[in-house]
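> Fold the following and give me the result.
(one chain, ligands or ions: 1)
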Amino acid sequence: MARIAFFGAGYAGLVSGACFADLGHTVVIRDVVPERIEGLRAGRVPFFEPGLAELIARNADRLSFTLSMEEAVEGSDFLFVCVGTPPTASGDANLSAVWSVIEDLPQDLGPVVLVMKSTVPVGTGEKVRAELDRRGLTQVGYASCPEFLAEGTAVHDFLQSDRVVVGAFDPAHGEAVAALHEGLDAPVVQMEIPSAEMVKLAANAYLATRISFINEIANVCELVGADVEDVARGMGLDRRIGTQYLRAGIGFGGSCFPKDVSFLKLLAGNSGYHFHLVSSVVEVNELQIRRPVTKVQRHLGTLSGKRVALLGLAFKANTDDLREAPSLVLAARFLAEGAEVVAWDPVVDAHEFLHGVELADSAAAALAGADAAVVVTEWPELRELPWAELRGTMRNPLVIDGRNFLDAEEMRTAGYAYEGMGRAGSPFAALAETEEPGSKLRQ
Ligand SMILES: NC(=O)c1ccc[n+]([C@@H]2O[C@H](COP(=O)([O-])OP(=O)(O)OC[C@H]3O[C@@H](n4cnc5c(N)ncnc54)[C@H](O)[C@@H]3O)[C@@H](O)[C@H]2O)c1
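All right, here's what the predicted structure looks like:
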């Protein structure tokens, strides 16, 4: 078993560090934020991620937390870089946290392998290698091992990985990093570093493409009277297509998809290639996020003075991450149209982020007095609400379901004007009411 240092106690570093401890390795996690490290030492997990607190507690004797670079590298065989790589103003990757880890590495390091888990543009490995060599740190190996976990299911995603991707300059380092994953029932795919870096960007851009694709299908469904839920089910059962990431809604957000798609688009552009498809994926998503505003306007006319409830703020269920969340765009758009906005989320503490938005303690409180509600996050709690009872508490019972999460029929029976995304009404529902089944289909 190895001793591994992790740099960055965020979603990627803390989850993967705790999972490596679970595999039997000794793990020390270094961060630069004192409160984060103090909290972790006191047993507090700094963000909401199902199963993580239990995993950390279970492996407490193999896991430690530090602010000190020296303590992290002392005796470590591998140094995993898991710091944030947010977009710069130009949309390219801001690698300053990555470079600060490299700059802080002590000169007297032993023969360790530096492993890049942060998502970085293709070519970063070459640059880091050149910098290590320039500093005379030729004994430090370099590998790329991109992280594929998704927030909300991160622990499961790591421990039940579909695959592990490893790139290395020296095959021996690739083998050593692959061996760390023993105990996982996942194929390890080894390749050159630029390819490993590209796998991560390409995988996220592809998943984002599926989302924008089904969202455009949903928008066309609304115009032609098809139901995207039926369409996606019918498509997804085709084994060549599959059902994952084929849920229509208000688009993707979060700390990974938007920035990784942008990284790929700009990486291509900076290399002289216009990646038309990913450019469209970004544009479709930007417009999709705003669609509920138009839908509410179609029902209510001007939004000035109208009260709109946002149900859910996190970019998806089971996380408290607000980075690039559609809720931020929606809140800003509704406010700009003169609406009063009230929001509820079971885990996000949005006080710092949503200026001008009233925060409600419960979904029921958010609905009270509202002229419209928008389901922004597919929190299971929303399915459990006593919708029929709550209808009378709204000033106007309009629900725009941005995640196609609620039962359309139940909502309409409960007296709501209910609209999903791409669910304007299935032709089969219309057919059921006609005398002559099939006539509509033949038209
Ligand atoms: N969040 C995800 O679901 C996810 C999934 C796969 C890959 N990734 C990638 O992993 C990387 C990290 O993402 P994240 O969501 O965990 O970010 P995050 O912002 O949650 O965490 C990053 C952590 O790094 C710390 N940090 C900054 N500089 C440091 C330094 N010099 N030394 C040690 N720690 C330092 C920060 O204080 C912060 O706690 C990104 O490149 C991201 O694209 C993230």
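
> Taking the stretch 301-443 of the chain, what residue is nearest to the ligand?
residue 321 (7.1 Å; C-beta to the nearest ligand atom). Bear in mind the C-beta positions are built from the backbone N, C-alpha and C, glycine included.

> pLDDT at that residue, what is it?
The model reports residue 321 with a pLDDT of 94.

> what does residue 237 give?
Looking at residue 237, its pLDDT is 97.

> Apart from its neighbours in sequence, what residue is nearest it?
Leaving aside its chain neighbours, residue 237 sits nearest to residue 243 (7.3 Å; criterion: C-beta to C-beta, 6 or more residues apart in numbering).

> So that neighbour sits against residue 234, correct?
No: counting by C-beta atoms under 8 Å, residue 243 does not reach residue 234; the two are 10.5 Å apart.

> Which neighbours do the two have in common?
Common neighbours of residue 243 and residue 234 (criterion: C-beta atoms under 8 Å, 6 or more residues apart in numbering): none identified.

> Quick one: residues contacting the residue in the stretch 1-150 of the chain positioned nearest to the ligand.
Among the residues of the stretch 1-150 of the chain, residue 10 lies closest to the ligand, at 1.8 Å counting by C-beta to the nearest ligand atom. By C-beta under 8 Å, 6+ apart, the contact list for residue 10 reads 31, 47, 82-84.

> Most neighbours among these, which one is it?
Highest neighbour count within the contacts of residue 10: residue 82, with 28 neighbours (other C-beta atoms under 10 Å).

> Now that residue: closest residue in space that isn't a chain neighbour?
For residue 82, the closest residue by C-beta to C-beta, 6+ apart turns out to be residue 13, at 3.1 Å.

> is it true that that neighbour touches residue 5?
No: between residue 13 and residue 5 there is no contact under C-beta under 8 Å: 10.2 Å.

> residues shared between the contacts of those two?
Any residue near both residue 13 and residue 5 by C-beta under 8 Å, 6+ apart counts here, and that gives 29, 80.

> all helices for the stretch 251-400 of the chain, in order.
Using DSSP state H, counting those that start in this stretch, the helices of the stretch 251-400 of the chain run over residues 257-270, 276-300, 326-336, 363-367, 381-384, 387-390.

> Any buried residues in the longest one, and which?
Think helix 276-300. Neighbour-count burial for helix 276-300 flags 278, 281-282, 284-285, 288-293, 295-297, 300 (criterion: 16 or more other C-beta atoms under 10 Å).

> Excluding chain neighbours, give the residue nearest to the spatially most central residue of the chain in space.
Among the residues of the chain, the one closest to the centroid is residue 254, at 4.0 Å (C-alpha atoms, centre = their mean). Nearest residue to residue 254, sequence neighbours excluded (C-beta to C-beta, 6+ apart): residue 315, at 4.2 Å.

> Please apply the same query to residue 342.
Nearest residue to residue 342, sequence neighbours excluded (C-beta to C-beta, 6+ apart): residue 358, at 4.4 Å.

> What of residue 228?
If the residues on either side of it in the chain are set aside, residue 228 comes closest to residue 422, at 3.1 Å by C-beta to C-beta, 6+ apart.

> what residues are up against that neighbour?
Residue 422 makes contacts with 215, 217-219, 221-222, 226-229, 231, 248, 404, as judged by C-beta under 8 Å, 6+ apart.

> burial count for the residue of the stretch 301-443 of the chain closest to the ligand?
By the measure other C-beta under 10 Å, the count of residues near residue 321 is 23.

> wait, what's in contact with it?
Contacts for residue 321 (C-beta under 8 Å, 6+ apart) come out as 11, 47, 151, 254-255, 314-315.

> what do you get if the cut-off is 7 Å, keeping everything else the same?
Contacts for residue 321 were tallied using C-beta atoms under 7 Å, 6 or more residues apart in numbering; they are 151, 254-255, 314-315.

> And the residues you listed, which two are furthest apart?
Using C-beta to C-beta, the contacts of residue 321 span at most 11.5 Å, a distance reached by 255 and 314.

> So between the two, which is more surrounded?
For residue 255 versus residue 314, neighbours defined as other C-beta under 10 Å are more numerous around residue 314 (28 against 22).

> give me the residue from the stretch 151-300 of the chain nearest the ligand.
Closest contact between the stretch 151-300 of the chain and the ligand, by C-beta to the nearest ligand atom, is at residue 151 (4.4 Å).

> Make sure that residue is actually in contact with residue 319.
Yes: Residue 151 is in contact with residue 319 according to C-beta atoms under 7 Å; the separation is 4.1 Å.

> anything in contact with each of the two?
Any residue near both residue 151 and residue 319 by C-beta under 7 Å, 6+ apart counts here, and that gives residue 49.

> Can you tell me what sits against stretch 69-86?
Residues contacting stretch 69-86 (C-beta under 7 Å, 6+ apart): 2-8, 10, 12-13, 16, 28, 30, 66, 93-95, 97-98, 101, 104, 106, 109, 112-120, 180, 259.

> So which of the residues you listed sit within helices?
12-13, 16, 97-98, 101, 104, 180, 259 (DSSP state H).

> which of those residues come close to the ligand?
Filtering the ones in helices among the contacts of stretch 69-86 for proximity to the ligand (criterion: C-beta under 6 Å from any ligand atom) leaves 12-13, 97, 101.

> confidence score at the closest residue in space to residue 363 that isn't next to it in sequence?
The shortest distance from residue 363 to any non-neighbouring residue, by C-beta to C-beta, 6+ apart, is to residue 344 (5.0 Å). At residue 344, the model reports a pLDDT of 98.

> Could you do residue 427 as well?
Note for residue 427: predicted pLDDT of 41.

> which two from the contacts of residue 10 end up farthest apart in space?
Spanning the widest gap among those are 47 and 83, at 15.4 Å by C-beta to C-beta.

> host element of residue 207?
Using DSSP states H and E, residue 207 sits within helix 193-224.

> Give me every residue in the stretch 51-200 of the chain lying close to the ligand.
Taking C-beta under 6 Å from any ligand atom as the criterion, the stretch 51-200 of the chain approaches the ligand at residues 82-85, 97, 100-101, 118-119, 147, 149-151.

> List the residues that contact the residue nearest to residue 258 when sequence neighbours are not counted.
Closest residue to residue 258 apart from its sequence neighbours, by C-beta to C-beta, 6+ apart: residue 324 at 4.6 Å. Residues in contact with residue 324 (C-beta under 7 Å, 6+ apart) are 253-255, 258, 315.
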